[in-house]
Structure formats: C-alpha cells, structure tokens
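Novice: Task: produce atomic coordinates for the following.
(2 chains, ligands or ions: 2)
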Amino acid sequence: MTDAISVAGLVKTFGPTKALDGLDLVVRTGEVHGFLGPNGAGKSTTIRILLGMMRADAGVARLLGGDPWADATALHRRLAYVPGDVVLWPGLSGGEVIDLLGRMRGGLNKRRRTELLERFDLDPRKKGRAYSKGNRQKVALVAALASDVELLLLDEPTSGLDPLMEEAFREAVREEQRRGDRTVLLSSHILSEVEALCDRVTIIRDGRTVETGTLTELRHLTRTTIEAELAGPADGLAAMPGVHDLLVRDGRVRFDIDAAALDPALRHLTAAGVRSLVSRPPTLEELFLRHYSSTPAAHDSSQPAAQDAPEATR
Amino acid sequence: MTALTGTWGLVRLILRRDRVLTPLWVLVLGLVPISYVASIDGLFPSAAARQQYADLSAHNAGFVALYGRLHGSSLGELVAWRGGFIPVMAGLFCILTVIRHTRAEEDSGRRELLGSAVVGRHAPLAAALVSVFAAGLVLCAVLALGMIGQGLPAAGSWAFGAELAVTGWVFAAVAAMAAQLTAGAGSARAIAIGALAAAYVLRIVGDVGALDDGTPSWAGRLSPLEWVTWIRPYGEDAWWPVALTAGVAVALALGAAALSTRRDLGAGLLPPRLGRPAAGPALRSPLALAWRLHRGLLAGWAAGFAVLGVVLGYLAASVADLVRDAPQMADVFARLGGAAGLVDDYLAATTNLFGLIASAYAVQATLRARAEETSGRAEAVLGTAVGRLRWLGGHLAFSLLGPAAVLAAAGLAMGLAHGLNTGEAARQTSRLLAAALVQLPAVWVLAGVTVALYGLLPRLTALGWGAPVFCLLIGMVGAAIGLDQWVLDVSPFTHVPRLPADRFGVVPLASLSAIAAALTAAGLAAFRRRDLPIP
Ligand SMILES: Nc1ncnc2c1ncn2[C@@H]1O[C@H](COP(=O)(O)OP(=O)(O)OP(=O)(O)O)[C@@H](O)[C@H]1O
Ligand SMILES: [Mg+2]
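Specialist: Ligands and ions are numbered 1, 2, ... in the order given. Prediction:
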C-alpha cells in the first residue's frame, strides 16, 4: 500500500451546483501533500467525502486501503481531521475538547499534548466561546497533532493563526514529516506554507484536477520570463509556438515562454546574436494565479504531461 | 440616532426568518380564547347559569390559582378569565423570540457579521424588540377582531387583546435585559423564563391570598401578570394598567439598551468562569458529551415540571371542594376539559397536559442534534472513530429518556403535594407517577416525528414543533369546539389511558410505542445514509 489516498473521477453535485466534476487525487504514504484551489473549487467537499461524511455520486475514493464511506468508523481511528472553521462547544473548555476528541479517536499522547499546548501558547482552561478564532483553530490542531494517527486531513488549518503560530504549526508538521510514516493532506490558501511544507501539490479548479506534482515539476510546466538584448532583429519570434506577451523595443525583447518551447526559442535568439540574457523562473504566486484564473480548457492544451495520471488503485 | 442605523433592515430580516413561527404562535394564542366563546356560551346559555358558575369558580382556590380572580359573570368576562393562562404563553413566546434574535445571534457569530456592516450598536436589540412588539399588536388585533366577530363588545375585546400584547411586551423587555447579563443564550433564556415563572407564582400567591379577606396580598403587586388582570376586560376595561405595563416594558427595554453599552459583544455583564484544563475521566464518549450539552436543559425542565406539579397537585383538593359544594357542576367541568369535575379526572387531565408539554421538550432535545450539525460541531465528533448512530444516539437518549425524567418529576411532585394534602402520600405518589409515565409513548411518537424529519428532510427539522403545537391545540380546544373524533384521534395523546381516572390499557401504549419506534427507525436509517452536514 503506497498511496494513503487515491481518488479518481470523483463527482459530487449539490442540486444545480457541480462541486466535484471528475476530480483525481493521489497522496502517497509519508508525504505532505498540498491541496490547492480557489474558493469553492471543491477542496472541503473532497475532504468530506474522504471522511465518509458525504457520498460521491460517481468515482472511486480509497483511504488508507479502505472505503471511506463503508469503513468510516474504523478508518477514523487511524486519522485526524481539522476542519477549516472550528466551532467549539460553549460550555466545554479547550482542554476538555482536546481530550474528548482524542479519546473518541482512540487515544491521545499526553506528553505531546502538553508540548503542543506550550508551543501553541494555548490556555486550555478557557470555555469555547471565550476563544478567539485563531485559538479555536489551535484547539483543533492540538487535538489532531497529539493523536497517534497515520493520516492528518487538514482543511485550511492555519486560517486565523498569527505568523508566530503559523511557524509553530510548520514546525509541528515538519516533525511529523521527519517521522516518515505520517501522511498529511493539507488544504491551504497560504502559498508560502505550501512551499515550505509540501512534497507534492494538487491544484484543483471547478471540481477538477488541473495539476499534480512536486513544486519543481510544476515550475517546469509553466512559463519562464526571458529578457534579452540582441545583436540583430529576431524576426519570427512572435510566430513561434509557446511564446507569449512578446515585447520588442530597440534591440531588446521580453517574452514569456512555455517550458516545452524553451529550447527552440533560445536557438532562435542565439541565431540573432545574444548580447545579454536574463531568465526568470515563475514565482509561486504567478504559478498559482495562472492555474486559478485561466479557463480549464485553455489550460489543458498547454500542459501535455501535466497530470500525474492518477492511476486508480483499487 | 446612528446607534439605530439599520434597524429597519434587521426587522425585515427577522420577519423573514420568523415568517412561519411567529404567525403560528399568534394564531394559536389568538384562536384558543376565541374558541372559548362558543364553548362557554353553549355550556351556560342563560345569565343565571353563568352567574352560578361564576360564583363557584370565583371562590375556588384551584381556579383562582390557575386563571386568576373572576370579577363578573358576563360571557366576555368568563372567556377572558378562562383564558387567564394565555398571557403567560404570550410572555413565553416573546422571551424565546427575543433571545433567539439577540443572544443566540451573538453566540452564533452572525451578529458580528452584521455589526461590521452598516448597523448601529443598538440596532439588533431594537430590531428584535420592534418585531416582537409588532407581533404583540397583531395578536391584539387578531384576538379583538375574533372576539368582536363572536358578538362580544368591542371595548372589552380590544382591552383583552391589549392585555395579551402588553404582557408579551414586558417579558420581551425582561428577555432583552437577561440577554445582556450572561454570555450564552441558554442561561439568558433560563433567567428570563425564571422571571416569568416567578411572576406567575407571585400572581398565584397574591390572588389566592385575596380569597380569604378580599384584599390581594402585596406579593401580587410585584407581578406584571397581576397588573394586567387589573385591566378586567369586558368589566371595567381599564386602560391605565395597559399604560403601566407598557411603560414598564419600555423602561426595561431602555435599561437593556443601557446595559448593552457596558459590555462587549459576545460577552455578558456577569464574568465568565474558567473551565478545567483537562477532561474528567468520564468525558470520553458521545453519550458523555451529550450529557454535558443536555444536562442544563434537562435540569431546567425537571425543575419547572416539579414546581408546576406541586402547584397543580396541591390544587387537586380544591377541585374536590368544588364538587362537594356543587355536585351538579361536575359534568360541566368535565366537558370544559382542563379542570374536570372529579378529582381523578382533574388529575388525569393534568398529567395529560404534562405529557403534551413534555413532548415540546422532546422536540427541543432532538433539535439539538440538528443544531450540532449545522454549527459544524457534529463534524468534529464524526471525524473521530464515532459512528453516526452512536453520535445521534447520545442526543436521542435525551429526547427519549429526558421526557421520562421530567414526567417522573412532575408525577412525584403532584403525588406528594396532593398526597400530603389528603393524608395518603404513598398511594397518591405511586398513582400519579404512573399517570405521568403512561404519557411517555405519546411523547415518543412526537419525538419520533422529529427524528424522522431530521433523517429524511433535515432542512425541515424545525417543523417538528408543529406536532406538539397541533396536539396542544387539539387537547385544549378540540373537544370544546366539537371537532370530529377522527381529528382528535390524530393526536397520540387522545389514546393515552386516562390514569388515574380510567383503567390502564396495554394495547394503546404498545401501539403508540410501535409507531414511535417505526418513526425513529425510519429517521435513523435515513440519517445513516445521508450527507453530512446539510446546511
Ligand atoms: N452541502 C452543500 N450544499 C450545497 N452546496 C454545497 C455544499 N457544500 C459545498 N457546496 C458547494 O460546492 C462547491 C465546493 O465547495 P467547497 O466547500 O468544497 O469549496 P472549497 O474548495 O473548500 O472552498 P474554500 O476555499 O472557500 O474553502 C461550492 O460551490 C459550494 O457552494
Ligand atoms: Mg473549504
């Protein structure tokens, strides 16, 4: 069993809305997997299906080798879930909630609980309604991270955390990572967090997977910006496939180039004579913005080997 | 007036959210007294008959305690007196509505969302009060027009309507006050309902005291429920008590607004307490969690039932007095329902009423599960190794066994009070405990309706309230207005053996239990298969 999560062709509709439209997702055992997508893309819906809270209309989902719907209770012993918007019981203290959730999950590491409370600077005696948004989030995080489980499903776990606590969270996830046997699915809108923590990422849009791979792989799939000073005119550059947003001004050219078309474009430039050349890889923000905003159809044509062909392990 | 900016928009929001619930309350509260007109007119068609009934009732401690003092014998006066419990219900409605739109909104965080929009700091409180005050006016109009339609004098009808409206107002303002004191809708609700109960008890003490020497005791004068009886609809039609009560309501409302400026949003004036740093050893299962969530509600209902049980049990002896004084009246009282002529009929009718009210608790407890789901807290529990049925079972333990506990409290309290009065405590206690507990299968049917709704049509779970309201209506006015038997038969409470007056019957209880089990099973089966959470 090498994949902790494998999802293929998942479809889920809510009345007129198609929340998931053939979503694919593979999370390998032991990795921290970033799960990204614009608001309403279907991240929370996917996680709820993986938790057996909702049933998919079509497609296959496997979680830790089991069926998330049929084996929900047994599987939940081996995973911990942190929802994006943590709501606590008004009459229960944070410490009580941590212990209760941990016990119902099948056990809690006492030492780690103390350590995490300290690290997150959380007062466990306050009652539910007395916590701020960030502190409520911390209660759920401590409850999840202090459990001895194989898989963590984290749905925007750091929304509302201050930068210091964000760092504490990252440190905690890195510890999980070092142990090697813990898998983390991390849905997030915070790109720096994804960059810092995730081994691989999946980007979804409108309920469909648009990209999967390591960040390095993803960078390869997107455009590099080239700025060059040329000795002669570079005619024909505009007509080359994969060249975008070309700007020519007295001997200087500036354009974005698809990774696949990089080699012929550079040959074309050297043929004209290169005086100076600057090439800038896409920033993470550019990468995501492009996936978030481009139409899925236009996107498919520009990324031949993009999909890590999610082999539906059954 | 920037503090009130946005009030009108919020009023419209409240009216929209309450477009079913409020009209339902207004109709029920308006129609019940209207239905009394025909039934009392039918029972006492002549002035002489009414006079005789009035003479007996006015001196009977039991009736005076339940309905208040009776000052005349015209048809209108008898109707208004017989509807003496309606102002209490109007007060309850206003309390629940105001808390729902103030404190409960703050708890849910929606209020904060509004606060950041263009909404003045007093607007939410003002909007809740304006809406409830307006509902009071509508109730006043419904009642008055209905009464006039039945041929009663217009002046008295409007005075009667005003009595209900201002009672509602004053308790709406009490609720607004309570909402400022504590952090949490539950405790605010408890404080306001406690105030209502205290006002009721004070009114009883005052009126029953007046029976002896004719002068009401000072205790009554403290109670708004007593002030409104000074209106005396169809008798004096006095308007100054209306003005007095309305004035106090406005003063309390202004006081609540003043208090609200002295606290933070989401906080109460009473300081919050810290909890335990770690869970006790018992807090480890969905049932233990449900106990934490339900115990306050359960204790409140049990206490309320016990107090009401003592009062109504104590009054049983005065029903006996009445029958001894005027045996010919026994039949008449039996037909009026509520307070039957024979002591055991009275006790049977009272335990039946307890059963009806307990089913409201059963529905309320079941709706907690729905609230857990929509708030997202159910997800946290179901994300652990807790199966769906175990989670829901924790809540259902309280909607099914909680009513057993509160009914037992009522039965024991009634039995003790009545038994100590008559010198046969042991016998009465066991009889009335049994009489209270036979109501359970009927209560379970109504709980089962809500569970079935929750599983099958979760968005409509709140319609579960319709079942106890319907049964209460049938129970209170069905026989009086001569509804067909098949309509009466729809209510499970029609089929409960009337202990201690009648014999115990296994068949109806077994059938009711089977229906309840089928409804619950249907709800559970659907719940196991549906999506979660459904917003
Ligand atoms: N229970 C539901 N009923 C109806 N529609 C729903 C339900 N749950 C989700 N949706 C819809 O499905 C779509 C996907 O929602 P989802 O919550 O999965 O998005 P998300 O990727 O988690 O977004 P965000 O980043 O904002 O958390 C949205 O259009 C949402 O409105
Ligand atoms: Mg989400």
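
Novice: CA atoms for contacts and neighbours, from now on please.
Specialist: OK.

Novice: Show me the helices in the stretch 101-250 of chain A, by range?
Specialist: In the stretch 101-250 of chain A, the segments counted as helices under DSSP state H, counting those that start in this stretch are A:110-119, A:133-145, A:163-179, A:191-197, A:215-221.

Novice: Can you tell me which of those has the worst average pLDDT?
Specialist: Of all these, the minimum mean pLDDT falls on helix A:215-221 (a mean of 79).

Novice: Would you mark the buried spots in that helix?
Specialist: Neighbour-count burial for helix A:215-221 flags A:L215, A:L218, A:R219, A:H220, A:L221 (criterion: 16 or more other C-alpha atoms under 10 Å in any protein chain shown).

Novice: Now do B:A521 against chain A, distance only.
Specialist: Distance from B:A521 to chain A, counting by C-alpha to the nearest C-alpha, to the nearest Å: 20 Å.

Novice: OK, contacts around that residue?
Specialist: Taking C-alpha atoms under 8 Å, 6 or more residues apart in numbering or on different chains as the criterion, B:A521 is in contact with B:A452.

Novice: Okay, and it sits in which element?
Specialist: helix B:506-529 (DSSP states H and E).

Novice: Need the CA coordinates for that helix. PDB is fine.
Specialist: Output in PDB follows, covering the C-alpha atoms of helix B:506-529 (Å, rounded to 0.1, in the frame of the first residue of the first chain):
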ATOM      1  CA  VAL B 506     -51.700  -2.000  27.300                       C
ATOM      2  CA  VAL B 507     -52.900  -2.000  23.700                       C
ATOM      3  CA  PRO B 508     -52.900   1.700  23.100                       C
ATOM      4  CA  LEU B 509     -49.500   2.100  24.800                       C
ATOM      5  CA  ALA B 510     -48.000  -0.700  22.800                       C
ATOM      6  CA  SER B 511     -49.400   0.700  19.500                       C
ATOM      7  CA  LEU B 512     -48.100   4.100  20.300                       C
ATOM      8  CA  SER B 513     -44.700   2.700  21.200                       C
ATOM      9  CA  ALA B 514     -44.600   0.800  18.000                       C
ATOM     10  CA  ILE B 515     -45.400   3.900  15.900                       C
ATOM     11  CA  ALA B 516     -42.700   5.800  17.800                       C
ATOM     12  CA  ALA B 517     -40.200   3.000  17.100                       C
ATOM     13  CA  ALA B 518     -41.100   2.900  13.400                       C
ATOM     14  CA  LEU B 519     -40.700   6.700  13.100                       C
ATOM     15  CA  THR B 520     -37.400   6.700  14.900                       C
ATOM     16  CA  ALA B 521     -36.100   3.800  13.000                       C
ATOM     17  CA  ALA B 522     -37.000   5.500   9.700                       C
ATOM     18  CA  GLY B 523     -35.200   8.600  10.800                       C
ATOM     19  CA  LEU B 524     -32.100   6.700  11.900                       C
ATOM     20  CA  ALA B 525     -32.000   4.700   8.700                       C
ATOM     21  CA  ALA B 526     -32.200   7.800   6.600                       C
ATOM     22  CA  PHE B 527     -29.600   9.600   8.800                       C
ATOM     23  CA  ARG B 528     -27.100   6.800   8.300                       C
ATOM     24  CA  ARG B 529     -27.200   7.200   4.500                       C
END
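
Novice: re earlier: want to throw the helices of the stretch 101-250 of chain A into a markdown table with distance to chain B?
Specialist: Formatted as a markdown table, those follow (distance: least, C-alpha to the nearest C-alpha, whole Å):
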| stretch | distance to chain B |
| --- | --- |
| helix A:110-119 | 10 |
| helix A:133-145 | 9 |
| helix A:163-179 | 20 |
| helix A:191-197 | 24 |
| helix A:215-221 | 30 |
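
Novice: Where do the domain boundaries of chain A fall?
Specialist: Annotated domains of chain A cover A:3-213, A:223-280 [automatic domain parsing].

Novice: and the shortest one, how far out from the chain's middle?
Specialist: On the basis of C-alpha atoms, centre = their mean, to the nearest Å, domain A:223-280 sits 33 Å off its chain's mean C-alpha point.

Novice: Can you give me the first-to-last residue distance of that domain?
Specialist: Domain A:223-280 has its terminal residues 9 Å apart, counting by C-alpha to C-alpha, to the nearest Å.
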